[in-house]
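Student: okay, predicted coordinates and the sequence, questions at the end:
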Amino acid sequence: MSETDKVFAGSVPENYDRYLVPLIFERYAADIAGRAASLSPNAVLETAAGSGVVTRVLAPRLSRSASYIVTDLNQPMLDYAASQQPADSRIKWRQADALALPFENAAFDLVCCQFGAMFFPDRTSGYREARRVLKPGGHFLFNVWDRIEENIFADDVTNALARIFPNDPPRFLARTPHGYHDTALIRSELAKAGFSRVVIETRAEQSRASSPRIPAVAYCQGTPLRNEIETRDAGKLEAATEYAASAIADKHGRGEVSAKIQAHIIGAVA
């Protein structure tokens, strides 16, 4: 993973939340929030919270006495997430690196992370940190995307951009969000970090949008894929977005569009 894969700044947080969250994240946020709430945790840590989609769903489902610390490596994303969250005295916002958490040992009942582990430069270290801050018997709950071929719009956009930039195709989506899908590897890295009772469920959903342009904007302008496009040609972002939209339209139609998305949901016990 390159350093630019971790840069969510400028207009990316707003585009991410406006387009990408309803396109692919909301369904899995509801799923992970439901699983988290069913554990009745009193002290919750969320890492890699992004624009706060899980926070918005999970917070109302926690007890009134619960504490909820929400973190992200990227301050612009955290600021945006906080701006979208109703006032809630149980929630504290803190910039933090999931690989070096600024919290005491055994401080939390639950650590949850939606689609963040793929961005960890050393996932085993990130898992060790999650285990360190969990109480004995505490739960680690997270999800990761399956391979890009199982996530159709992301694959469509990646293939379209490869035609625009044939000598240096932007590969952010395949490399990072969809680059950590081997369930045997996930189990192995969790075991190395000291977790037990690992359960992995693969869950397919439908990604829906009112037009082909929405998934094109979501991926091209709401993720670090934007950085890759602009690095190759600073003036080609809009043209690349339109080309990706046209490719989606040719394959899925020019009105409302839908396509498969798929992710792994992982639970483990400290």
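Tutor: Now that the structure is in, tell me what you want to look at. Numbers count the residues shown, from 1 in each chain.
Student: which residues of this structure fall in strands?
Tutor: Secondary structure of the chain by DSSP state E: the strands cover 43-47, 67-72, 91-95, 108-114, 134-145, 196-209, 257-269.
Student: can you redo these as TSV with mean neighbour count?
Tutor: Yep, even glycine has a C-beta here, placed from its N, CA and C like the rest. Formatted as TSV, the entries for these read as follows, by neighbours: other Cβ atoms under 10 Å:
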stretch	mean neighbour count
strand 43-47	26
strand 67-72	22
strand 91-95	16
strand 108-114	26
strand 134-145	21
strand 196-209	14
strand 257-269	20
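Student: which one of these lies nearest to Gln85?
Tutor: Taking Cβ to Cβ as the criterion, strand 91-95 is the member of the strands of the chain that comes nearest to Gln85, at 6.6 Å.
Student: can you pull out the helices in the stretch 51-200 of the chain?
Tutor: In the stretch 51-200 of the chain, helices defined by DSSP state H, counting those that start in this stretch lie at 53-58, 75-84, 123-133, 152-164, 172-175, 183-192, listed in chain order.
Student: got the contact list for the second one?
Tutor: Same thing as helix 75-84. Outside helix 75-84, the residues that touch it by Cβ atoms under 8 Å, 6 or more residues apart in numbering are 8-10, 12-14, 16-17, 49-52, 55-56, 70-72, 93-95.
Student: quick one on the thing from earlier: between the strands of the chain, which one is nearest to Arg171?
Tutor: When these are ranked by proximity to Arg171, the top entry is strand 134-145, at 14.5 Å, counting by Cβ to Cβ.
Student: on the pLDDT front, check the closest residue to Leu62 other than its chain neighbours for me.
Tutor: Leaving aside its sequence neighbours, Leu62 sits nearest to Tyr68 (Cβ to Cβ, 6 or more residues apart in numbering; 6.2 Å). According to the prediction, Tyr68 has pLDDT 98.
Student: how close does the closest residue to Gly116 other than its chain neighbours sit to Leu62?
Tutor: The shortest distance from Gly116 to any non-neighbouring residue, by Cβ to Cβ, 6+ apart, is to Ala48 (2.4 Å). Here the distance between Ala48 and Leu62 works out to 19 Å (Cβ to Cβ, to the nearest Å).
Student: between these two, which one's more packed in?
Tutor: Neighbours around Ala48 and Leu62, counted as other Cβ atoms under 10 Å, are more numerous at Ala48. The numbers are 24 against 21.
Student: for the more buried one, give its distance to Met77.
Tutor: When Cβ to Cβ is applied, the distance between Ala48 and Met77 equals 9 Å.
Student: about what we covered before: can I get the strands of the chain in CSV with distance to Ile152?
Tutor: Output for those, formatted as CSV (distance: least, Cβ to Cβ, whole Å):
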stretch, distance to Ile152
strand 43-47, 28
strand 67-72, 28
strand 91-95, 34
strand 108-114, 20
strand 134-145, 12
strand 196-209, 7
strand 257-269, 4
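Student: quick check: Cys112 touching Val44?
Tutor: Yes - A contact is recorded between Cys112 and Val44 when judged using Cβ atoms under 8 Å, the distance being 6.9 Å.
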